[in-house]
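*Asks:* here is a sequence with its predicted model. Questions after.
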Amino acid sequence: MTTSTTTRRAAQRTSSRPGRRLGALGVLAVIAAACGGGATATPGVPATTVPATTGTAATPSPTPAPPVELKVGLGYIPSVQFAQFYLADQAGYYRDAGLEVTFENKVDPELITLVGQGAIDVGIADGTSVIPAVSQGIPIRYVFTVYADFPSIVFAKASSGIVGPADLAGKKVGIPGRYGSSWIQLQALLAGVGLTPADLEVVPFPDYGQLAALEQGVVDAATGFINNEPIRLELTGTPAVVLALPAGAQLPGNGLIVGQAALDGAKADAIRRFVAATRRAMEEITADPQKGLEAAIARVPELATDRAAQLAVLRATIDTWQSDFTLANGTGAVDAAEWERSIAFMSGLPDSPVAKPVTAADCIDAGFAAP
């Protein structure tokens, strides 16, 4: 696996692949951990009356249909990473689409279960979590790509001498555990250069302390997310190197998931409108990140304590929203070939999380992401 570079034509900036050395991003604050309640969009406009022009009694206009209520699970905690949802809500895009949206924040596994049960209408979940869930019979579909570039990465200090995945051989690598997106990404990264986890020393940090361990020299490299740990490392004045999956070996990142019952039911059209409104906000934020920052601060006021840091996190997040595939097929487009390749890779792992055979068609509904 070698370093490759994708030109972000939509954002007019360059995002690097494996071996990327991060530039200084300025002061970074840890993403606010304060949890908040869901925001509710403004209901639709009341009916109006048309004045009579012929001397006859006024004829009232039809009463608009009440907005469709959607519960949307964003996962994790409220943060700048969800700016597109906050902007779509605050700017009235959901309201104008006839929707009344309520946000909830829950962890990925819980969201997948709740969406499958219909308790939450739309959720955001990692593609590498969706595949095992579908293989276990949970009735969900992935309908819109948010992270077109897989956000899980391996990072190290630039002074470590690690510049590519092959350099991880014989090194100590910190990771939360042998599960989840970080574990799958590490195996995919190593497979690209003919290595396996047996070729290095995997050191687990169940409490997500791998960044501190790397800073202290306990490990040589660690897993993390492109818009989190490497930026925090550079806060300390330590240049970082990031090892990310190249275009030909990408895994499906976080995106919008919907229960099969909802897709087959009365809310299907409402979900399409939700996707379109969210896409509109993503494209506006890509063009003007400051707009996304302000929407996030309006939702999570604590973020205003360090605007520069939060803008750095948002820019790193925006950088994952586009890939060669989405640039060619539209923001949010779902790459079926990438899903088939990822299913085959995950199914072939020694400790595969895929319980029963599945196909991309079982996991995705690409039609909902169509512009």
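*Replies:* Cool, the structure landed.
*Asks:* alpha carbons only for contacts and neighbour counts from here, please
*Replies:* Noted.
*Asks:* pLDDT weak spots in the protein?
*Replies:* 1-61 (pLDDT under 70).
*Asks:* try it again at 80.
*Replies:* Applying pLDDT under 80 to the chain flags residues 1-64, 235, 371.
*Asks:* domains for it, by residue range?
*Replies:* Listed by automatic domain parsing, the domain ranges of the chain are 67-149+252-369, 151-244.
*Asks:* can you lay out those as a markdown table showing mean neighbour count?
*Replies:* Formatted as a markdown table, the domains of the chain follow (neighbours: other C-alpha atoms under 10 Å):
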| stretch | mean neighbour count |
| --- | --- |
| domain 67-149+252-369 | 21 |
| domain 151-244 | 20 |
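*Asks:* can you confirm residue 101 is in a strand?
*Replies:* Yes - the assignment for residue 101 by DSSP: H, G, I helix; E, B strand; the rest coil puts it in a strand.
*Asks:* find the nearest non-adjacent residue to it, please.
*Replies:* Leaving aside its chain neighbours, residue 101 sits nearest to residue 70 (4.9 Å; criterion: C-alpha to C-alpha, 6 or more residues apart in numbering).
*Asks:* hmm, that neighbour is touching residue 97, no?
*Replies:* No - using C-alpha atoms under 8 Å, residue 70 is not in contact with residue 97; the gap is 11.8 Å.
*Asks:* after whichever strand or helix holds residue 202 comes which helix or strand?
*Replies:* Under the criterion of DSSP states H and E, residue 202 resides in strand 201-204. Using DSSP H and E, the next helix or strand after strand 201-204 towards the C-terminus is helix 210-215.
*Asks:* alpha carbons only: can I get whichever helix or strand comes after that following helix in CSV?
*Replies:* Downstream of helix 210-215, the next assigned helix or strand under DSSP H and E is strand 221-225. Listed next in CSV are the C-alpha coordinates belonging to strand 221-225 (Å, rounded to 0.1, in the frame of the first residue of the first chain):
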residue,chain,number,x,y,z
ALA,A,221,1.9,4.3,16.7
ALA,A,222,-1.8,4.2,17.4
THR,A,223,-5.2,4.0,15.8
GLY,A,224,-7.5,7.0,15.9
PHE,A,225,-9.6,9.3,13.7
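*Asks:* quick one: strands adjacent to strand 221-225?
*Replies:* Using DSSP bridges, strand 221-225 pairs in its sheet with strand 152-157 (antiparallel), strand 172-175 (parallel).
*Asks:* with just CA atoms, put the first one into CSV.
*Replies:* Output for strand 152-157, consisting of C-alpha atoms alone and laid out as CSV, is shown next (Å, rounded to 0.1, in the frame of the first residue of the first chain):
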residue,chain,number,x,y,z
SER,A,152,-10.2,5.6,11.0
ILE,A,153,-6.4,5.9,10.6
VAL,A,154,-3.1,5.0,12.2
PHE,A,155,-0.9,7.8,13.3
ALA,A,156,2.6,8.3,14.8
LYS,A,157,5.1,11.0,15.6
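*Asks:* now what about that strand, what contacts it?
*Replies:* Applying C-alpha atoms under 8 Å, 6 or more residues apart in numbering, the external contacts of strand 152-157 come out as 162, 181-182, 185-186, 214, 220-226, 230, 238-245.
*Asks:* helices of the stretch 201-350 of the chain, start to end?
*Replies:* Taking DSSP state H, counting those that start in this stretch, the helices of the stretch 201-350 of the chain run over residues 210-215, 229-235, 260-264, 268-287, 289-299, 307-318, 324-329, 336-347.
*Asks:* one more: the stretch 1-150 of the chain?
*Replies:* Counting by DSSP H, counting those that start in this stretch, the helices of the stretch 1-150 of the chain are 83-90, 93-96, 108-117, 127-135.
*Asks:* residues in contact with the first one?
*Replies:* Surrounding helix 83-90, the residues in contact under the criterion C-alpha under 8 Å, 6+ apart are 39-41, 94-95, 101, 277-278, 280-282, 285, 291-293, 295-296, 299.
*Asks:* what of the last one?
*Replies:* Taking contacts as C-alpha under 8 Å, 6+ apart, the residues outside helix 127-135 that touch it are 108-109, 112, 140-142, 180-181, 184, 251-255, 343, 353-358, 362-363.
*Asks:* keep only those of the residues you listed that are in strands.
*Replies:* 140, 141, 142, 255 (DSSP state E).
*Asks:* that's a strand at residue 190, yeah?
*Replies:* No - assessed with three-state DSSP, residue 190 is helix; it does not lie in a strand.
*Asks:* now the closest residue to it other than its chain neighbours: how far from residue 132?
*Replies:* Nearest residue to residue 190 in three dimensions, chain neighbours excluded: residue 196, at 5.7 Å (C-alpha to C-alpha, 6+ apart). Residue 196 sits 21 Å away from residue 132, taking C-alpha to C-alpha, to the nearest Å as the criterion.
*Asks:* what comes into contact with stretch 273-293?
*Replies:* 10-11, 80, 83-85, 87-88, 93-94, 97, 99, 144, 307, 310-311, 314-315, 318, 331-332, 368-369, 371.
*Asks:* same thing but at 7 Å, please
*Replies:* 11, 80, 83-85, 87-88, 93-94, 97, 311, 315, 318, 331-332, 369 (C-alpha atoms under 7 Å, 6 or more residues apart in numbering).
*Asks:* return the member of the residues you listed nearest to residue 176.
*Replies:* residue 80 (23.3 Å; C-alpha to C-alpha).
*Asks:* starting at the chain centroid, how far to stretch 271-282?
*Replies:* Relative to its chain's centre, stretch 271-282 lies at 15 Å (C-alpha atoms, centre = their mean, to the nearest Å).
*Asks:* before we move on, the earlier item: the strand holding residue 202 pairs with which strands, parallel or anti?
*Replies:* In the sheet, strand 201-204 lines up with strand 172-175 (parallel) (DSSP bridges).
*Asks:* fine, thanks again, bye for now.
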